[in-house]
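> have a look; sequence and predicted model below, questions after that.
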Amino acid sequence: MEFLDLAPVTRAQGLVHLPGSKSISNRTLLLAALAQGETDIRDLLKSDDTDRMLEALAALGVSVTKTGENDYRVVGTGGSFPNKEADLFLGNAGTAFRPLTAALALSGGTYKLHGVARMHERPIGDLVDALRQIGADITYLGQEGFPPLLIKPAQITAHGSIKIRGDVSSQFLTALLMALPMTGKETRIELVSELISKPYIEITLKLMAQFGVNVQRDGWERFTVPAATGYVSPGTVYVEGDASSASYFLAAGALGGGPLRVQGVGANSIQGDVAFADALAAIGVTITKGENWIEASAPSLPLKAFDRDFNHIPDAAMTLAVVALFCDGPSRLTNIASWRVKETDRIAAMAAELRKLGAIVEEGEDWLRITPVKNLIAHAAIDTYDDHRMAMCFSLATFGGVPVRINDPKCTAKTFPTYFDVFASVVK
C-alpha cells in the first residue's frame, strides 16, 4: 500500500484557492445535459466523481467539450438522452449514481448502473421505491435495496404525490427533484421521515431554479415540482469552490494560528458546509468572511470542547472530529447516522483511527464522543478506507506535534487530487 509520511507542523497561514464543489459540479453537469440549449460550465471540479459523470454523459450520447482547464460546454438534450442503451460504471460516486438513476428511469431506455464494491453496499432502496410509485421499471441485480441496477423503459405516470424517506441520504430527494421536470407534469413529493442534510437540498433547488425550474417548498415535508416544459440553459454557470474542502484549511488556520484564507466560498455561498466556519467560531476560532472568502485564525490552543448536532453538515463535521483532539475536554458529535452509509462507515472508521492517536473514543449508532489526551501517539499509521475525507481530516493531526502516516493518500482524487501539495504549501 502506498503511504505518505507527514511531519509535525506548528504553523498554518496563507491563501488557498479551493477546487470546485463536487455537489455543484455533478448537479450542474446533469442539469446542463437535460436542458435545452448549450451551457458553458466554468471552474468544474476535476476529480474521480466528476470524471464518472462526464463518462456517463458521453456514453448516453451527450455532447460535452472541454473548453479550458476546468471549463466545459454541454449541449443539452432537451430531456431525452440520444443513446437508449448504456452500461454505466460510476465508481463510488454517489453524486453521479443517485441522480442518474432517477433521470434514466424516466428516459425510456435500457441502462445498467454499477460501481465499485463499496457503491454496491450503499443503499438506494428509498429512491427506487419512490420511482416505482410512478411506474419506473428498476431491477436489483444483486442484493435487494442496493446497486447494481437494471433500468428498462416504462410508462411513467408522474402526477399526484410521491412519498420518499429522507433520513438515510438527501441524495435520494435530490435525484427525484432533478428528474421530475422531465415528465412535464406537476408532481408533489412528500417526506415520510426526517430529512437529513437539508443544506444539500437547498443547493439542488437553487441550481434547478438557475435552469428555469422553480420548486415550491412547504417546510421540509412537501415539495411541488411544477408542470414545466423542462430545463433551459442559463448560458454560463460558475461552480463555487468546495465548502467541504474548505473545512480542512479553516481548521488548519485554527490549529496553526493563522490567518489562513480560503478563496472560492464566502458569506453568499449556496453550500451548507460554510456553516463549518460558524461551528469553529463557537469553539473559540476567529472567523471573518467576505463575499467569496473565509478566513480563520486562533490566538492559542486548546479550543473549547463542544456538544453539537451535525445533521446539517455531516461531511464537514468529520473535520471537527479531528479538531476535537485539540479541545479542552470531551467533545460530542451527534445526529451523524448518515456517516454509516458514506464512502465507508465513517463513525467506525473515525473512532478506530482517532484511537491510534491515543484519543479515548466512544461511539453510538449516530454519535461520537472524543476525549483528547495531552500527548498524541507519534507515527500513527492512519488507514483511509478508500475515503477521501478520512485522508484529508487526519492531516490535521500533525498539529499535535507528532509525525503521522497516511495510508493510500491518493484516495483524495475523489474530490481533491492535489490536497497534500496544497496542505504542505500553507503549513510550517
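Received, thanks.
> the closest residue in space to Ala282 that isn't next to it in sequence: neighbour count?
In space, and not counting its chain neighbours, Ala282 is closest to Phe306: 6.8 Å by Cβ to Cβ, 6 or more residues apart in numbering. No exception for glycine: its C-beta is placed from N, CA and C like everyone else's. Phe306 has 21 neighbours, counted by other Cβ atoms under 10 Å.
> how near is Phe306 to Leu368?
12 Å (Cβ to Cβ, to the nearest Å).
> overlap of the contact sets of the two?
Taking Cβ atoms under 8 Å, 6 or more residues apart in numbering as the criterion, Phe306 and Leu368 both touch Arg332.
> one step back: right, and the residue nearest to Ala282 touches Ser331 too?
Yes: using Cβ atoms under 8 Å, Phe306 is in contact with Ser331, at 4.9 Å.
> please enumerate the shared neighbours of those two.
What both Phe306 and Ser331 touch, as defined by Cβ under 8 Å, 6+ apart, is the set 320, 324.
> and stretch 155-163, end to end?
19 Å (Cα to Cα, to the nearest Å).
> buried ones in that stretch?
156, 158, 162 (16 or more other Cβ atoms under 10 Å).
> next up, the contacts around the residue nearest to the first one when sequence neighbours are not counted.
Spatial nearest neighbour of Ile156, excluding adjacent residues (Cβ to Cβ, 6+ apart): Gly135 at 5.0 Å. Shown here is Gly135, whose contacts under the criterion Cβ under 8 Å, 6+ apart are 154-157.
> next one: the residue nearest to Ala282 from Arg98, what distance?
31 Å.
> for Lys342, same thing?
From Lys342 to Arg98 the distance is 13 Å (Cβ to Cβ).
> how about Ala154?
Counting by Cβ to Cβ, the gap from Ala154 to Arg98 is 18 Å.
> which of the two has more neighbours?
Arg98 (27 against 17).
> hmm, the more buried one is touching Phe172, no?
Yes: counting by Cβ under 8 Å, Arg98 touches Phe172, with 6.3 Å between them.
> now the helices for the stretch 301-428 of the chain?
314-323, 346-356, 388-394, 419-426 (DSSP state H, counting those that start in this stretch).
> low pLDDT regions in this protein?
1 (pLDDT under 70).
> 80 instead?
The chain contains residues with pLDDT under 80 at 1, 158-159, 228-229.
> all helices of it, in order?
Counting by DSSP state H, one finds helices in the chain at the ranges 22-34, 48-59, 94-105, 125-132, 170-179, 198-210, 243-255, 275-281, 314-323, 346-356, 388-394, 419-426.
> for the first one, packing partners?
Where contact means 3 or more Cβ pairs under 8 Å, 6 or more residues apart in numbering; DSSP states H and E, helix 22-34 is packed against strand 38-42, helix 48-59, strand 71-75, helix 94-105, helix 170-179, helix 198-210.
> likewise the fourth one?
In terms of contacts (3+ Cβ pairs under 8 Å, 6+ apart), helix 125-132 is packed against helix 94-105, strand 137-140, strand 160-164, helix 170-179.
> ok, 10 Å please
With contacts defined as 3 or more Cβ pairs under 10 Å, 6 or more residues apart in numbering; DSSP states H and E, the packing partners of helix 125-132 are helix 94-105, strand 137-140, strand 149-152, strand 160-164, helix 170-179.
> can you check the third one too?
Where contact means 3+ Cβ pairs under 10 Å, 6+ apart, helix 94-105 is packed against helix 22-34, helix 48-59, strand 85-89, strand 110-114, helix 125-132, strand 137-140, strand 149-152, helix 170-179.
> how far does that helix sit from its chain's centre?
Chain-centre distance of helix 94-105: 15 Å, with Cα atoms, centre = their mean, to the nearest Å.
> kindly report the same for the second one.
Chain-centre distance of helix 48-59: 16 Å, with Cα atoms, centre = their mean.
> domain assignment for this protein?
3-19+240-425, 22-226 (the TED database).
> need the contact list for Asp242.
By Cβ atoms under 10 Å, 6 or more residues apart in numbering, the contact list for Asp242 reads 18-25, 45, 47, 262, 264-265, 271, 273, 315, 415-416.
> with adjacent residues omitted, what lies nearest to it?
Ser21 (4.3 Å).
> what's the burial count for that neighbour?
30.
> picking up where we left off before, can I get the helices of the stretch 301-428 of the chain in a markdown table including mean neighbour count?
As requested, these are arranged in a markdown table below (neighbours: other Cβ atoms under 10 Å):
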| stretch | mean neighbour count |
| --- | --- |
| helix 314-323 | 27 |
| helix 346-356 | 21 |
| helix 388-394 | 27 |
| helix 419-426 | 16 |
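> Phe394 contacts Cys411, correct?
No: look at Phe394 against Cys411 with Cβ atoms under 10 Å: they stay out of range, at 11.7 Å.
> mind listing the shared neighbours of the two?
With Cβ under 10 Å, 6+ apart as the test, Phe394 and Cys411 both reach Thr384.
> one step back: shared neighbours of Arg98 and Phe172, anything?
124, 126-127.
> how close does Thr204 get to Pro330?
Using Cβ to Cβ, which is the criterion applied here, Thr204 is 36 Å from Pro330.
> and for Met318?
18 Å.
> ok, Ile336 touching Ala348?
No: here Ile336 does not reach Ala348: they are 11.9 Å apart, not a contact under Cβ under 10 Å.
> give me the common contacts of the two.
Leu368.
> hang on, the earlier thing: pipe the contacts of Gly135 into CSV and attach distance to Leu177 per row.
Converted to CSV, these look like this (distance: Cβ to Cβ, whole Å):
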residue, distance to Leu177
Ala154, 19
Gln155, 22
Ile156, 16
Thr157, 18
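> any idea which of the residues you listed is the one closest to Ile196?
Ranked by distance to Ile196 (Cβ to Cβ), these are led by Ile156 at 27.4 Å.
> need the contact list for the closest one.
105-108, 131, 134-137, 179-180, 182-183, 185 are the contacts of Ile156 under Cβ under 10 Å, 6+ apart.
> any idea how far Gly125 is from it?
For Ile156 relative to Gly125 (Cβ to Cβ), the value is 19 Å.
> what of Glu362?
In terms of Cβ to Cβ, Glu362 sits 30 Å off from Gly125.
> more neighbours, those two?
Neighbour count, other Cβ under 10 Å: between Glu362 and Gly125, Gly125 has more, with 15 against 12.
> that one against Thr101, yeah?
No: between Gly125 and Thr101 there is no contact under Cβ under 10 Å: 11.3 Å.
> common neighbours of these two, please.
Phe172.
> what about Lys152, how many neighbours?
13.
> which non-adjacent residue is nearest it?
Asp137 (4.3 Å).
> ditto for Tyr72
Going by Cβ to Cβ, 6+ apart, Tyr72 has Ile41 as its nearest residue, at 4.8 Å.
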